[in-house]
Structure formats: structure tokens, C-alpha cells
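*Asks:* show me how the following folds:
(one chain, ligands or ions: 1)
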Amino acid sequence: MTEMRVTHAVPADVPALAALEALCFPAAEAASEETLRGRVQAYGNHFYLLRDGETLVSFIDGLCTDRPDLTDDLFENPAAHSENGAWQMLFGVNTHPAWRGQGCASRLIRAMIADAKAQGRSGLVLTCKEALVGWYASFGFVSEGLSVSEHGGAVWYQMRLRF
Ligand SMILES: CC(C)(COP(=O)(O)OP(=O)(O)OC[C@H]1O[C@@H](n2cnc3c(N)ncnc32)[C@H](O)[C@@H]1OP(=O)(O)O)[C@@H](O)C(=O)NCCC(=O)NCCS
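*Replies:* Take a look at the predicted model:
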């Protein structure tokens, strides 16, 4: 295995991002290529990608905003990004099935947390299914109970890491 590299995203990464998203999420929850293109154009610097050689194996992304809660509209609206926003949202966490359980997603989440702290933000906010609440708690996220989100028709919990 070659050494893995963490980068931000540029438009040329969009097809690979969309392919990995489709591999990791059911169709109702996966961000489309069009949505990902809009996000990368607006805040490619808030994507964290991990590559093994040339292969994209994991990525996370999310916009920044002064709004405190992660509501469904933010997923689809890249224009809501505010570079100086108080909160770094964490939308999707995706690791290719063949690379899971090796710390890839953890490495990217820690990188996003470190940058958000260095950028002087208030913290990070995410929504997740109940099964992952304990995992995100291990990074310092605290559950705020059920989210207002109905993304993909699922039940989501909102979690916040406050600096
Ligand atoms: C969740 C996900 C991103 C983890 O990626 P990863 O690179 O394997 O994560 P790491 O190796 O850094 O951490 C693995 C740890 O995450 C936790 N974890 C992963 N999937 C989990 C699940 N479904 N339920 C509970 N814990 C889970 C475990 O503690 C695991 O540790 P282990 O390997 O010792 O069992 C990956 O499984 C994935 O892409 N899943 C599909 C998409 C998804 O559900 N994303 C999260 C919702 S936004």
C-alpha cells in the first residue's frame, strides 16, 4: 500500500466523489454528482479526501454557516456556505468498503476538527443514524437528540462538538 494523502477537492475530483458516495449510501440519501459539483465549486476547501495511490478511498465534506442546526436544505444549497461561518457542518462520511476499519474516516474527521479549531470556529455539527452516535462521541461530539432532518426518509440524531 502506498502512503495515503489527504487533500481538499477540485472539480476534477467530482466523478470519483459521486461514485464513492453512490457506493456508500442508499440512493435516497446519496448526494448526486450535480450536488457534489455545486458543493466543490462553493467549498472544495471544506472537503477532505484520502487517496491510496490514485484511488479515492474516503472523503468527508460540509459547509460553514452561522446557523446552529444542520437542516436538510443545507445539503442541497451550496450557496448557504459562509467562509467565516461559526459552525463547520459535517455532511457525509464515506469510506470505500474495501478500505473500512483502517482508520480512514477517523483521520479525515480529525483533520476537519483541527482545521475548524485553527479557523476559530465555534465547533462542528453533524447528523447521523443512531448506530453511529457512539462512534462520533469518541471524537467529542455530543448528541442533542433527534434531528429535524428527514433526509432520505431516515431518522437522524444531531450531534455537536463545541470548542
Ligand atoms: C461509517 C464509515 C464512514 C466508517 O469509515 P471507516 O474508514 O471504516 O472508519 P474508521 O476505520 O476510521 O473507523 C471504524 C470504526 O467506526 C465505527 N463504525 C463504523 N461503522 C459503524 C457502524 N455501522 N456502526 C457502529 N460503528 C461503526 C467502528 O467503531 C469502527 O471501528 P472498528 O473498525 O474497530 O470496528 C464507513 O463504514 C462508511 O462509509 N459507511 C457507509 C456510509 C455511512 O454510513 N456513513 C456514516 C453516516 S454519515
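*Asks:* list of residues touching the top helix by length along the chain?
*Replies:* Identified as the longest helix of the chain according to DSSP state H is helix 104-118. The contact list for helix 104-118 (C-beta atoms under 8 Å, 6 or more residues apart in numbering) reads 4, 6, 46, 48-50, 57-60, 62, 88, 90, 93-95, 123-124, 139-140, 161, 163. The way it works is simple: take the backbone N, C-alpha and C, and place the C-beta from them, glycine included.
*Asks:* could you rerun that using 7 Å?
*Replies:* Residues outside helix 104-118 that contact it (C-beta atoms under 7 Å, 6 or more residues apart in numbering) are 6, 48, 50, 57-60, 88, 90, 93, 95, 124, 139, 161, 163.
*Asks:* which positions within it qualify as buried?
*Replies:* 104-105, 108-109, 112-113, 116 (16 or more other C-beta atoms under 10 Å).
*Asks:* I'd like the next helix or strand past that helix.
*Replies:* Note on helix 104-118: by DSSP states H and E, the next helix or strand toward the C-terminus is strand 123-128.
*Asks:* run me through the strand neighbours of that following strand, direction for each.
*Replies:* strand 87-90 (parallel), strand 157-162 (antiparallel) (DSSP bridges).
*Asks:* strands of this structure, start to end?
*Replies:* Along the chain, the segments classed as strands by DSSP state E run 4-7, 47-52, 55-61, 64-65, 87-90, 92-95, 123-128, 142-146, 157-162.
*Asks:* ok, the nearest residue to Leu146 once chain neighbours are set aside - contacts?
*Replies:* Distances taken as C-beta to C-beta, 6 or more residues apart in numbering put Tyr157 closest to Leu146, at 6.2 Å, once the chain neighbours are dropped. By C-beta under 7 Å, 6+ apart, the contact list for Tyr157 reads 127-128, 130, 133, 143, 145-147.
*Asks:* which one in those is the model shakiest on?
*Replies:* Across these, the bottom pLDDT score, 91, is held by Ser147.
*Asks:* need the residues of this structure near the ligand, please.
*Replies:* 24-25, 58, 92-95, 100-106, 128, 131-132, 135 (C-beta under 6 Å from any ligand atom).
*Asks:* alright, I will stop here.
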